[in-house]
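>>> What follows is a protein structure lacking sequence information:
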């Protein structure tokens, strides 16, 4: 259908914003 698709693997995202992290600044995710 002519659409481009980009995928990035291995990019570390921050912790999910749940509980006390809901309105806090992003934190690094531990691997």
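Here it is on my side, so go on. Please read these numbers as outputs of a predicted model, since none were measured by experiment. Numbers count the residues shown, from 1 in each chain.

>>> residues near residue 5, how many?
4 (other CB atoms under 10 Å). Placement of C-beta: from N, CA and C, glycine included.

>>> which SS state does it fall under?
coil (DSSP: H, G, I helix; E, B strand; the rest coil).

>>> Can you name the residues that contact it?
Not one residue lies near residue 5 by CB atoms under 8 Å, 6 or more residues apart in numbering.

>>> Could you report the separation of the residue nearest to the spatial centre of the chain from residue 21?
The centroid of the chain falls nearest to residue 13 when counting by CA atoms, centre = their mean (3.4 Å). Look at residue 13 and residue 21: by CB to CB, to the nearest Å, they are 13 Å apart.

>>> Distance-wise, check residue 9 relative to residue 26.
From residue 9 to residue 26 the distance is 20 Å (CB to CB).

>>> and the two? which has more neighbours close in?
Shown here are residue 9 and residue 26; by other CB under 10 Å, residue 26 has more neighbours (10 against 4).

>>> Which residue comes closest to that one once chain neighbours are left out?
Excluding its sequence neighbours, the residue lying closest to residue 26 (CB to CB, 6 or more residues apart in numbering) is residue 14, at 4.0 Å.

>>> May I ask which helix or strand encompasses the one you found?
Under the criterion DSSP states H and E, no helix or strand holds residue 14.

>>> burial measure for it, as a count.
Around residue 14 there are 11 residues (other CB under 10 Å).

>>> Quick check, it in contact with residue 28.
Yes: counting by CB atoms under 8 Å, residue 28 is a contact partner of residue 14 at 6.4 Å.

>>> Going along the chain, name the strands of this structure.
All residues of the chain lie outside strands when identified by DSSP state E.

>>> ok, residue 4 - contacts?
Residue 4 touches nothing, counting by CB under 8 Å, 6+ apart.

>>> Could I get the pLDDT score of it?
On pLDDT, residue 4 comes in at 92.

>>> which phi and psi does the residue nearest to the centre of the chain have?
Here is the backbone geometry of residue 13 (degrees, to the nearest 10): phi -100, psi 160.

>>> distance of it from residue 2?
29 Å.

>>> Over to residue 10?
28 Å.
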